[in-house]
Every structure is written in structure tokens, then in C-alpha cells.
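# only geometry, no sequence info:
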């Protein structure tokens with residue numbers, strides 16, 4: 001609900017402060033509500049991380065499909081918040097454990113090892129989703145603003161897929177599925193993002 005017309009970057013920047021520190025005890029109830037299994041990565045929840053991860057306030061520049069924007073509830077007179085982050089090392093730890101134990105040979109579907117990996121994989125996806133929500137809530141709280149989630153898309157995942165009539169597994173590394181609805185193509189340091 002931050003209007004573009006009343007945008008004061010200096011004030012917003014001061015309110016945001018440092019987002020790299022772990023969430024304090026005031027967030028315990030919000031974190032517990034996600035019902036995530038213990039992972040050892042809990043202190044990373046609500047933090048953005050490094051690499052290409054970021055969170056930024058955006059404003060609509062140009063609309064090519066106003067009907068689609070209306071369906072999503074996007075109002076060009078208000079700022080948007082885009083959070084691009086993930087499981088903050090949890091997914092990497094799961095992968096390392098898997099590779100150390102089984103190498104790169106893969107796992108046979110239906111085996112206990114495969115089921116265990118997929119369960120942990122799905123836990124990491126849930127962790128990433130919780131992390132993005134907590135980052136957004138943290139930022140909105142500091143900005144003294146309200147907001148509603150419009151999209152939440154995982155961009156590193158393994159999923160069952162049928163491609164050209166062949167059943168298998170599709171690994172998306174930094175690639176959101178373009179066949180499952182609206183998605184964001186994030187910009188890079190001043191470049192436009194596209195929806």
C-alpha cells in the first residue's frame with residue numbers, strides 16, 4: 001500500500017536497515033506457524049543471502065496486458081515488492097549429502113533412498129517459500145506498509161515431468177516453469193523486471 005506518488009527513498013532506506021541479521025524472538029510464532037522440520041538452517045530464515053538473491057521495491061513502468069494486471073490485483077499507483085531468495089543453504093546441504101552418499105548416478109524411483117531425498121527436497125522448497133514470506137513480512141513491517149502476496153514461484157527444484165512422451169525428472173536450476181501461469185523474470189541491478 002505504499003503509493004508511488006509519495007515515494008521517499010531516503011526514508012524507506014533508513015526504515016529498512018540491515019536485513020542480513022537473523023530474526024529475533026519476536027518472530028518465533030510466525031516461524032513456528034510454517035511447521036518446518038528441524039534443519040539446522042533456521043537462523044537463515046528471513047534473510048536474503050548472497051549471490052543473485054535480492055529484495056527490492058519496484059514500480060510499474062509499462063503495462064502490455066492491463067487485463068492480466070487487473071486479474072493479479074496489481075495497481076500501478078502502488079509499489080511492488082519482489083523477493084528473490086531460496087532455502088539459504090538447506091537445499092545445497094541436502095544435495096551435498098546426496099552426492100556424498102550416492103555420487104551422480106541418480107536414484108531409482110520407488111526406493112527408500114529416493115523417497116527420503118524427495119521428502120527432504122520438498123522440505124527445502126517449503127523452507128524457501130517460508131523464507132521469502134518472512135523476508136517480505138520483515139520488509140513490510142519495517143516500511144510500515146501492508147501487502148498481499150501475488151506470486152510465489154520456486155526456481156530451483158526437481159519435479160516429475162513428461163517431455164516428448166517420456167516420463168522422467170526435470171531439474172530446474174534458476175529457471176521458473178513458464179507453463180504454469182504467471183512468472184517473473186527478474187532484472188539485474190537497474191534493469192527492468194518482467195512479469
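Sure, I can see it. Note that the structure is a prediction, hence the values are computed from the model and not measured.
# any idea how far residue 128 lies from residue 88?
Applying C-beta to C-beta, to the nearest Å, the value for residue 128 to residue 88 is 8 Å. The way it works is simple: take the backbone N, C-alpha and C, and place the C-beta from them, glycine included.
# Quick check on these two: which one has the bigger neighbour count.
Shown here are residue 128 and residue 88; by other C-beta atoms under 10 Å, residue 88 has more neighbours (24 against 21).
# What residues of the longest helix seen in the chain count as buried?
As far as residue count goes, and with DSSP state H defining each element, the longest helix of the chain is helix 112-143. Residues of helix 112-143 classed as buried by neighbour count (16 or more other C-beta atoms under 10 Å): 117-118, 120-121, 123-139, 143.
# Same question for stretch 55-68.
Neighbour-count burial for stretch 55-68, with 16+ other C-beta under 10 Å as criterion, is recorded at 55, 57-58.
# Check stretch 48-57 too.
Of the residues in stretch 48-57, those buried under the neighbour-count criterion (16+ other C-beta under 10 Å) are 48-49, 53-55, 57.
# could you pull out the helices for the protein?
Secondary structure of the chain, counting by DSSP H: helices at 9-16, 28-32, 66-72, 90-102, 112-143.
# rewinding a little: just how off-centre is the longest helix of the chain within its chain?
If you compare the mean C-alpha spot of helix 112-143 with that of the full chain, they lie 8 Å apart, counting by C-alpha atoms, centre = their mean, to the nearest Å.
# now stretch 175-186
For stretch 175-186, the gap between its own C-alpha mean and the chain's C-alpha mean amounts to 12 Å (C-alpha atoms, centre = their mean).
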